[in-house]
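Participant: only geometry, no sequence info:
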């Protein structure tokens, strides 16, 4: 049915629609949404759990240098703050289109330096309260970085 959201499994949706019969849009399946397929909702709730985006990002950011922004982001992730975007790609392109470096007020300099020196990089944007956080996730063994700025409603 159009406008019904399904959860993906190994070879199709959790409710049984084969993968070759669907168009896939990647985003978090939220069982509580009105648009959620009732069968997928039920099966998703009964499925064994895997670490969610918040848990995976939280674990990754443990290696970041301690600081107020990092501590606040870790606390926000424990409260299941929204991970709005988590991508990896060419650093220059991500800086230009997704990082919002000009909006950062804390930790901006190291974040800008990371984007300027890396060829590829990962980033995650998280919103919590009055803040938007940028987690910079280097491809090499470098420490992740956390920066933040005031949240603006766009």
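Facilitator: Yep, it's here. Here the structure is a predicted model, which is why all the values come from computation and not from measurement.
Participant: just for this protein, where's the confidence low?
Facilitator: Along the chain, the model assigns pLDDT under 70 to residues 1-2, 26, 153-154.
Participant: Would you state the helices of it in chain order?
Facilitator: Assigned helices in the chain, in chain order: 38-46, 53-61, 68-78, 91-97, 108-117 (criterion: DSSP state H).
Participant: Would you reformat these as JSON lines and include distance to residue 23 and mean neighbour count?
Facilitator: The C-beta positions use only the backbone N, C-alpha and C, and glycine is treated the same way. Output for those, formatted as JSON lines (distance: least, CB to CB, whole Å; neighbours: other CB atoms under 10 Å):
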{"stretch": "helix 38-46", "distance to residue 23": "15", "mean neighbour count": "15"}
{"stretch": "helix 53-61", "distance to residue 23": "22", "mean neighbour count": "17"}
{"stretch": "helix 68-78", "distance to residue 23": "31", "mean neighbour count": "18"}
{"stretch": "helix 91-97", "distance to residue 23": "24", "mean neighbour count": "16"}
{"stretch": "helix 108-117", "distance to residue 23": "33", "mean neighbour count": "16"}
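Participant: Ok, which of these comes nearest residue 10?
Facilitator: Proximity to residue 10 (CB to CB) singles out helix 38-46 among these, at 12.4 Å.
Participant: picking that back up, so for residue 131, which of the helices of the chain sits nearest?
Facilitator: Among these, helix 68-78 comes nearest to residue 131, with 7.0 Å by CB to CB.
Participant: ok now do residue 79, which residues does it touch?
Facilitator: residue 128 (CB atoms under 8 Å, 6 or more residues apart in numbering).
Participant: if we go to 10 Å?
Facilitator: The neighbourhood of residue 79, defined by CB atoms under 10 Å, 6 or more residues apart in numbering, consists of 54, 128, 129.
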